[in-house]
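Student: sequence first, predicted model second:
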Amino acid sequence: RPSPEEALQWRDSLEKLLQNPYGLASFRSFLRSEFSEENVEFWVACEDYKKTKSPVKMAEKAKKIYEEFIQTEAPKEVNIDHFTKAVTMKNLVEPSPTSFDMAQKRVFALMEKDSLPRFVRSEFYQELIK
């Protein structure tokens, strides 16, 4: 469990929150309670994808991420604009570690602007900083 001081830093840094295993778990639980965990799940999937070395594995993961989060009517479709979706689809013709970068940045910005402030006001977070 993080110290209250450490948890306080998360108010200003979604990056620090997502890098902390406890912070990530708390944030995920909070988003799940709001039925909006697809963004953080997509972000985590992209982080995992970028660490993939094997081109075969990378292609498999890219397809899975696309089907789960990007394609229209995907089970956990993330809210990205058409341009970002088009660029991402073009990047997936030849999957590379950067294929999802633009979409991941958009989703990160969305979480930072929208989900993080709600999380900071939540019971989940208030308990951590006591």
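Tutor: Okay, I see it. Model, not experiment: these values are computed from the prediction. Numbering: from 1, shown residues only.
Student: okay, CA-based contacts and neighbour counts for the rest of this
Tutor: Will do.
Student: now do the same contact list for the residue nearest the centre of the chain.
Tutor: By CA atoms, centre = their mean, the chain has its centre lying nearest to residue 43, at 2.3 Å. Listed by CA atoms under 8 Å, 6 or more residues apart in numbering, the contact partners of residue 43 are 104, 107, 108.
Student: if I look at it, how far off is residue 4?
Tutor: In this view, residue 43 and residue 4 are 25 Å apart by CA to CA, to the nearest Å.
Student: on that earlier part again, pLDDT added to the contacts of residue 43, as a markdown table?
Tutor: Output for the contacts of residue 43, formatted as a markdown table (pLDDT from 0 to 100):
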| residue | pLDDT |
| --- | --- |
| 104 | 98 |
| 107 | 98 |
| 108 | 98 |
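Student: from those residues, which land in helices?
Tutor: 104, 107, 108 (DSSP state H).
Student: check the gap between the first one and residue 9 for me.
Tutor: Yep, that's residue 104 we're talking about. From residue 104 to residue 9 the distance is 22 Å (CA to CA).
Student: so between these two, which is more surrounded?
Tutor: Neighbours per residue (other CA atoms under 10 Å) separate residue 104 from residue 9, with residue 104 holding more: 24 against 13.
Student: surely the more buried one and residue 45 touch.
Tutor: No - in this structure, residue 104 is not within contact of residue 45 by CA atoms under 8 Å, at 9.6 Å.
Student: which helix or strand contains residue 16?
Tutor: Secondary structure from DSSP states H and E places residue 16 in helix 14-19.
Student: any idea which helix or strand comes after that helix?
Tutor: Using DSSP H and E, the helix or strand that directly follows helix 14-19 along the chain is helix 21-33.
Student: show me where this structure has its helices.
Tutor: In the chain, the helices defined using DSSP H lie at 4-9, 14-19, 21-33, 38-50, 55-65, 82-91, 101-110, 116-121, 123-128.
Student: by mean pLDDT, show me the worst of these.
Tutor: Mean pLDDT values for the helices of the chain show the minimum at helix 123-128, a mean of 90.
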